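Engineer: With the input below, show me the fold.
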Amino acid sequence: MVRLRLSSPVSRRHKRVDVAQESRSRERKELNGLWSFRADFSDNRRQGFEQQWYRKPLRESGPTLDMPVPSSFNDISQDGRLRSFIGWVWYEREAILPQRWTQDLGTRVVLRISSAHYYAIVWVNGVHVTEHEGGHLPFEADISKLVQTGPLSSCRITIAINNTLSPHTLPPGTILYKTDTSKYPKGYFVQNTNFDFFNYAGLHRPVLLYTTPTAYIDDITVTTDVDQDTGLVNYQIFVQGSDHFQLEVHLLDEEGRVVAKGTGGQGQLQVPSAHLWWPYLMHERPAYLYSLEVKLTAQTSAGPLSDFYTLPVGIRTVAVTERQFLINGKPFYFHGVNKHEDADIRGKGFDWSLLVKDFNLLRWLGANAFRTSHYPYAEEVMQLCDRYGIVVIDESPGVGIVLAQSFSNASLQHHLEVMEEMVRRDKNHPAVVMWSVANEPSSFLEQAAYYFKMLIGHTKALDPSRPVTFVTSSSYEKDLGVPYVDVICVNSYYSWYHDYGHMEVIQLQLATQFERWHEAYQKPIIQSEYGAETIIGFHEDPPLMFSEEYQKGLLQQYHVILDQKRKEYVVGELIWNFADFMTDQSPQRAIGNRKGIFTRQRQPKSAAFLLRERYWKLANETRYLQSAVMSQCVGNSPFTV
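Structural biologist: Next comes the predicted model:
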């Protein structure tokens, strides 16, 4: 029997775990590379706990594999059992520690795990240090006492990860036991999910050690506003390790000049003639970032300590009306994509080369936005969005919430905690303009009304500065969650999942969809998914399903109505999908989902060129509309049109 947890559920509140940056007071040591790895293939998947594999080097309890971190473990080996493995896997790495880390008692040593799918238990030198439920978001443990208790030069890090999904996890799933022994071996089971992407697992993002002083800057929250030509930067700083400290705050522009300064744990910095953070293609100088430099001077029992932290800050505002989405008071139209963290071999493993390639393709395409379908992406992704001016709808792992069980109080409590972790991690990114709490839930169920009222209300309380949504595929008259959103995000696949091949019905059905949603709720609408499966190199004229011509023709039919409705209350369109991605095997999927406008290897299909032409046309229209008012934006010149 597969069990998600080692013991009873553990409720753990994790503090903010921002990227462990280097500074004058902080060091970091990445533990990426080859780790020792073993999957627990025992019938109950608990042999590792029964034999206490964490108490000694993993190789001493049996054979191990070399496993690259970060990566998904599924596609690395030639063992077919590992690709679809469900249960506990074990990772181990010996880390060499700098001498000062182990001897300087004024230094904290922290182990940080950027993502582990989905339940993780961590030991250092055989000692349990932390547990975490949920993939996609980071967690950490202070291991100072373990590495500063003797003449240690290294530490052994062991991480057990379970990828089992239950009705109360995010995303949810169920384990189905096949009990007919005439068809299946004894104890045979499969993991069922209600989402259309492969359940990759492992250590998907960097693992590292970092240091801070024992008195340190623990959290910073920044919100921004604009008063005529003055930028307002409101900050709140939290300190751990000392009650006696001073804080100095300096805001620097991109040339390194101090433009504002303050003291204390909270305050407001005023920036005359501020450069605003504008989205890509909306301004000639997009993505302007200031640097908030914070210096902590604290008194401790060991004497005075200093800590330094630098936070990129984009000054911008976000607002929503009945018909518009506004950034810096100007209408913003989302023309972009949905994505997945997915690629050959590495699965969902973070890869800088892949990330930069994807951003180059986004800019080639003229895309100004994407949604993190269907989970929070790596922090490095958010950082590039801030730097490049790519707008983000930041989505939680709330995908596949379709069973009544998944709307229970237990599920809601976990979902609330996930939103806390997600907002805490991403709250300071100017590129993030809206939170999405779920994708295509069964929002027509009676329980959904209370669930989404609480979930959206909680998210707004965590961050009042951004609108909140979820993405629906329910009908307008039955959806019980949409009354609580600020922007209606609708997925529809006309002439794909129904009316197969009949593109002539798309315009009527899409226009009806938009009109009914807006009449019912008087809120702006985003077409958050639309598309068609396409296998590159398949050509048919007249167009047939799965051909490049069909994908292109279907998009063109959508664009006719989008062009009409974006003049009224439609504020965005996000194609499904940016690139082909892996799914579970089924008769409906030919080695993954082929709805990408790029292949999984990032080569363009015909639809990519269609969208490139459209998105650059939309960008030029935005430039024309903005050029008349940009000269009023202090510190920036208008576009030349």
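Engineer: buried set for stretch 235-251?
Structural biologist: For stretch 235-251, a neighbour-count test (16 or more other C-beta atoms under 10 Å) marks Y235, I237, V239, Q240, G241, S242, F245, L247, V249, H250, L251 as buried. Heads up, the C-betas are built off the backbone N, CA and C, glycines and all.
Engineer: Show me what stretch 346-365 is in contact with.
Structural biologist: Residues outside stretch 346-365 that contact it (C-beta atoms under 8 Å, 6 or more residues apart in numbering) are 68-75, 114, 117, 198, 200, 202, 204-206, 280, 336-337, 339, 341-343, 370, 378, 380-381, 384, 388, 390, 578-579, 582, 598, 602, 608, 611-612, 615.
Engineer: ChimeraX command to pick out the buried ones of those?
Structural biologist: To isolate the buried members of the contacts of stretch 346-365 in ChimeraX, using 16+ other C-beta under 10 Å:
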select :68,69,70,71,72,73,74,75,114,117,198,200,202,204,205,206,280,336,337,339,341,342,343,370,378,381,384,388,390,578,579,582,598,602,608,611,612,615
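Engineer: leaving aside the residues next to it on the chain, what's closest to T64?
Structural biologist: Nearest residue to T64, sequence neighbours excluded (C-beta to C-beta, 6 or more residues apart in numbering): S36, at 4.3 Å.
Engineer: give the contact list for the one you found.
Structural biologist: For S36, the contacting residues are P57, L58, R59, T64, L65, D66, M67, Y91, E92, R93, by C-beta under 8 Å, 6+ apart.
Engineer: right, and the secondary structure at the most centrally placed residue in the chain would be what?
Structural biologist: Closest to where the C-alpha atoms of the chain average out (C-alpha atoms, centre = their mean) is P376, at 1.5 Å. At P376 the chain is in coil, as set by DSSP: H, G, I helix; E, B strand; the rest coil.
Engineer: these two touch, right, it and D426?
Structural biologist: Yes: counting by C-beta atoms under 8 Å, D426 is a contact partner of P376 at 6.9 Å.
Engineer: any residues in contact with both of the two?
Structural biologist: Counting by C-beta under 8 Å, 6+ apart, the contacts common to P376 and D426 are D394.
Engineer: circling back: which of the contacts of stretch 346-365 fall within strands?
Structural biologist: Among these, the members falling in strands (DSSP state E) are P68, V69, H117, G202, G336, V337, F370.
Engineer: Using JSON lines, lay out these together with distance to R46 and pLDDT.
Structural biologist: JSON lines is the format used below for these (distance: C-beta to C-beta, whole Å; pLDDT from 0 to 100):
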{"residue": "P68", "distance to R46": "26", "pLDDT": "98"}
{"residue": "V69", "distance to R46": "24", "pLDDT": "97"}
{"residue": "H117", "distance to R46": "19", "pLDDT": "93"}
{"residue": "G202", "distance to R46": "19", "pLDDT": "97"}
{"residue": "G336", "distance to R46": "45", "pLDDT": "97"}
{"residue": "V337", "distance to R46": "42", "pLDDT": "98"}
{"residue": "F370", "distance to R46": "40", "pLDDT": "98"}
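Engineer: Looking at those, spot the one nearest T534.
Structural biologist: Here the nearest of these to T534, counting by C-beta to C-beta, is V337; it sits at 14.7 Å.
Engineer: that older thread, for the residue nearest to the centre of the chain, report the pLDDT, please.
Structural biologist: If you check P376, the pLDDT there is 97.
Engineer: For M422, see how far away it is.
Structural biologist: To M422, P376 is 5 Å away according to C-beta to C-beta, to the nearest Å.
Engineer: who touches both of the two?
Structural biologist: L137, D394, S396.
Engineer: which residues sit in contact with the first one?
Structural biologist: Okay, so that is L137. For L137, the contact set (C-beta under 8 Å, 6+ apart) comprises S115, P376, V418, E421, M422, R425.
Engineer: again, but for the last one
Structural biologist: Residues in contact with S396 (C-beta under 8 Å, 6+ apart) are L170, Y375, P376, H415, V418, M419, M422, W435, S436, V437, A438.
Engineer: Distance across stretch 104-122, terminal residue to terminal residue?
Structural biologist: End-to-end distance for stretch 104-122: 24 Å, by C-alpha to C-alpha, to the nearest Å.
Engineer: and if you look at stretch 25-41?
Structural biologist: 44 Å.
Engineer: quick one on the thing from earlier: just checking, which of the buried residues of stretch 235-251 belong to strands?
Structural biologist: Using DSSP E, these in strands are Y235, I237, V239, Q240, F245, L247, V249, H250, L251.
Engineer: ok, how many other residues are close to the closest residue to the residue nearest to the centre of the chain other than its chain neighbours?
Structural biologist: The spatially closest residue to P376, leaving aside those adjacent along the chain, is H136, at 4.8 Å (C-beta to C-beta, 6+ apart). If you count neighbours by other C-beta atoms under 10 Å, H136 ends up with 28.
Engineer: H502 against W496, yeah?
Structural biologist: No: checked against C-beta under 8 Å, the pair H502 and W496 is beyond contact range at 10.2 Å.
Engineer: These two - which one has more neighbours?
Structural biologist: Comparing H502 with W496 by neighbour count (other C-beta under 10 Å), the higher total belongs to W496, at 21 against 10.
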